[in-house]
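Visitor: I'd like to go over a predicted model; first the sequence, then the structure.
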Amino acid sequence: MSGVLTAARHELLTSARAKSPYMLVAAFLGMVAASTFIGWRTTVTVSAIYDRVVADGLTTQPNPFTDVSALYYVRNTVIYVLLIGSLMAAALGVQSALRDRKASTAALVLTRPVSERAVRAGRLLGIGAILAILVVVTSVVTWVSVGAIVGHALTATQTLEVASFGALTWVLLMGFAAVGVASGMVFPRERTALLAPVVLWAVIAFVIPQLGTAARPVSLLNPVPLPAQGSGAFGWLSQIMAPFSITEHFKTASAALLESPYTGSAVASAAVVALFTLIALAAALVVRAARIEGGSHE
Amino acid sequence: MSELMTLARKELLDVRRDRVVWIVMAALGIAIVLSVVVASLDFRAQMADYNAYVAQVKASGSGVTPQAPQLFPLQLLRGGMEYVEVLGALFAVVLGYGSVAKERARGTVDLLLTRARSGMSILGGKLLGLGIVWAVVSLALVVVSLASVAVIGAAHIGLHEVARMLLAGAAAWVYVMFWTAIALALTTVTKHSTPALFGLLVAWLVVVLIIPQIGDTMDPDNQVPGGLFNALAIAKPDEQAVLAHFTSFESGRNALEVSSVSKLYERVTFALLGIKNTYTGQSLAFVWDGTFRNIYGAVGATLAAFALAIGAGRRVHTLRRSA
């Protein structure tokens, strides 16, 4: 156990020293902070459009934004977690897996009385701690920015919902971090090790949902839920693809937590995200390293 | 010129031997074919729904039937073009990065300088070599796209479609070359390859995904499922009249979108292929009138990226192992 904790401490220290992933971390934190403002600005404009439409006598429909929750402004954050957060987590995982090989210290580490698997578990624990810190920071930023926009502090229930969304975010990010670690173990080149999780992410985020819903790929980055496609081949395709649509399940569970409209079961969706992370963690622990020495061989 | 060609040939040889390049290009082709399959299935589902509705209308004795869904063959390529926009840019970044990072990792820059007069020649040769690679890949994607529309979509492909698809292929070449040149420049000017790779990944995220996503999310019509104006039962002319009161918001949103070269590429391609309804069935002259600013923007950005990449050759010493 002490070997695992030592590896975790080392991971925290070396991750803090590595400057390269800071750009991704800054992009993630910056966009999460900006997302509440974007959501608020858009809603204000759309409400003004609705008022104009009513004043011109063009509709008798009710305003679709009258009773939206304060957490409605946070819905873009879900997309930035999927877009930036998951890639950031994968990059942290890849860097962790490649670090010893690039520094030629893998053999030195394994002279200590600790198994390679324990070292990997420690690294994942360290990455988990880093991601937890980032998620706590984003949750606090979200809580403060929404409170500032609506002019009062969020209720206890809403605070709990923001915290639960943070927990779900951490679970998803751990899954992608584990994918990154596994990729760093399997691929000898840094660019391939980083490219593989990004391609896997693109398949999960774009290709699989497209096969099940006929949605065009870029529209999947809009937080508004897609109209369900139940007819023809999409009926059974969506059934087959459903367990693999990790990002869509994350969107569903997040929408439920953030008081936004959603379709399907939020609990089942959260369970699918958790299962993805467990499988990825297991893969990161058991996958055989292609090589432990010799640089990144670009 | 022969110096540039020698360096370009060396680049072509390296790419030919790199299995990863072929795997990612194949992945892009598969993504395009899959998106045509999905679009075709979607159209067939729409036709089946329409036929069932018409049968119901006839059974009820009513003589009024709605207009049948119309198939515009190149519209089946919408998803495929979006994959080129997202994945094509990523693969272009990886190709450009790998081309420079390998010289740094192998310490072969001094050897290259025995054949080339300057670092700018090396970068110029790499740009030329990768330009040829992308020209071949773009042409292959044009063939794959047209074949999948003809075979899977069961659509007639005439000279009109071939010409537009070739222009879309040229647009794709300009777009991926922008990313390749940026990757060559950034990887050369940074002292180590890893920060360059992360910087490129962030640039890709911001330009390809985040800026267009913000623009899309801020679109008033994208706020409710099925569209805000549809939900409020407002006709298109009324929608435009209402939006005329919000020009500053729309101008800001448009400015944000056109700051992304990906959005420029998307607008040009969607217009060429008639994917955007405004351009469906319109002549190329009409498309030019509507998109020439976007074309100038995309070509200008790519030329600037070329200049950056070749100029980065002045700092080729950063690729030496001792640097």
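Guide: Noted; the coordinates are in hand.

Visitor: give me the phi and psi for B:Gln70.
Guide: Main-chain dihedrals, B:Gln70, degrees, to the nearest 10: phi -100, psi 140.

Visitor: what is the burial count for it?
Guide: When neighbours are defined as other Cβ atoms under 10 Å in any protein chain shown, B:Gln70 has 9 of them. (Glycine included, C-beta is placed from N, CA and C.)

Visitor: tell me who's in contact with it.
Guide: With contact set as Cβ atoms under 8 Å, 6 or more residues apart in numbering or on different chains, B:Gln70 has no partners.

Visitor: and it, what pLDDT?
Guide: Listed pLDDT for B:Gln70 reads 75.

Visitor: now it: how far from chain A?
Guide: As judged by Cβ to the nearest Cβ, to the nearest Å, B:Gln70 and chain A stand 17 Å apart.

Visitor: now that residue: how far from B:Ala39?
Guide: According to Cβ to Cβ, to the nearest Å, B:Gln70 stands 14 Å off from B:Ala39.

Visitor: where does the stretch 101-250 of chain B have low pLDDT?
Guide: B:225 (pLDDT under 70).

Visitor: spell out which parts of the stretch 151-300 of chain B neighbour chain A.
Guide: Counting by Cβ under 8 Å from any Cβ of the partner chain, the stretch 151-300 of chain B comes close to chain A at B:193-195, B:197-199, B:201-202, B:205-206, B:209-210, B:212-214, B:216-218, B:220, B:222-226, B:228, B:231-234, B:238, B:241-243, B:245-246, B:249.

Visitor: same check on the stretch 1-150 of chain B?
Guide: Residues of the stretch 1-150 of chain B lying near chain A (Cβ under 8 Å from any Cβ): B:20, B:24, B:27, B:31, B:34-35, B:38-39, B:41-42, B:44-45, B:48-49, B:78-79, B:82-83, B:85-87, B:90, B:94, B:97-98, B:101-102, B:104-106.

Visitor: among the residues you listed, name the buried ones.
Guide: With neighbours counted using 16 or more other Cβ atoms under 10 Å in any protein chain shown, those contain these buried positions: B:20, B:24, B:27, B:31, B:34-35, B:38-39, B:41-42, B:44-45, B:78-79, B:82-83, B:85-87, B:90, B:94, B:97-98, B:101-102, B:104-105.

Visitor: torsion angles phi and psi at the residue lying farthest from the centre of chain A?
Guide: Note on chain A: the largest C-alpha distance from the chain mean falls to A:Gly57, namely 43.3 Å (Cα atoms, centre = their mean). Phi and psi for A:Gly57, reported as degrees, to the nearest 10, are phi 70, psi 30.

Visitor: how near is it to B:Leu256?
Guide: 32 Å.

Visitor: where do the strands sit along the stretch 151-298 of chain A?
Guide: Under the criterion DSSP state E, counting those that start in this stretch, the stretch 151-298 of chain A contains no strands.

Visitor: count the neighbours of residue 263 for me.
Guide: Picking chain A for this. Count around A:Thr263 with other Cβ under 10 Å applied: 12.

Visitor: not quite, I wanted chain B
Guide: B:Lys263: 23 surrounding residues under other Cβ under 10 Å.

Visitor: so it versus B:Val208, what's the distance?
Guide: For B:Lys263, the distance to B:Val208 - Cβ to Cβ - is 9 Å.

Visitor: go on, A:Gly39?
Guide: Taken as Cβ to Cβ, the span from A:Gly39 to B:Val208 is 22 Å.

Visitor: and what of B:Val38?
Guide: Between B:Val38 and B:Val208 the computed distance is 21 Å (Cβ to Cβ).

Visitor: on that earlier part again, quick one: buried ones out of the residues of the stretch 151-300 of chain B next to chain A?
Guide: B:193-195, B:197-199, B:201-202, B:205, B:209-210, B:212-214, B:216-218, B:220, B:222-225, B:228, B:232, B:234, B:238, B:242-243, B:246, B:249.

Visitor: which of those fall in helices?
Guide: Under the assignment DSSP state H, these contribute B:193-195, B:197-199, B:201-202, B:212-214, B:216-217, B:228, B:238, B:242-243, B:249 to helices.

Visitor: hang on, B:Glu309 packs against B:Leu123?
Guide: Slight slip there: residue B:309 is Ala, not Glu. Yes: using Cβ atoms under 8 Å, B:Ala309 is in contact with B:Leu123, at 5.5 Å.

Visitor: overlap of the contact sets of the two?
Guide: B:Leu184, B:Ala185, B:Thr188.

Visitor: helices of chain B, start to end?
Guide: Ranges of helices in chain B, per DSSP H, are B:2-17, B:19-59, B:78-83, B:89-106, B:109-113, B:119-151, B:159-189, B:193-204, B:211-217, B:228-231, B:236-243, B:247-258, B:261-272, B:284-311.

Visitor: now swap in the stretch 101-250 of chain A and tell me
Guide: Taking DSSP state H, counting those that start in this stretch to define them, one finds helices in the stretch 101-250 of chain A at A:106-109, A:116-150, A:156-186, A:190-202, A:208-213, A:233-241, A:246-257.

Visitor: I'd like those as CSV, with mean neighbour count, distance to A:Tyr80 and mean pLDDT appended.
Guide: Output for these, formatted as CSV (neighbours: other Cβ atoms under 10 Å in any protein chain shown; distance: least, Cβ to Cβ, whole Å; pLDDT from 0 to 100):
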stretch, mean neighbour count, distance to A:Tyr80, mean pLDDT
helix A:106-109, 14, 35, 76
helix A:116-150, 19, 9, 92
helix A:156-186, 22, 10, 95
helix A:190-202, 23, 14, 89
helix A:208-213, 24, 18, 80
helix A:233-241, 15, 24, 75
helix A:246-257, 25, 11, 91
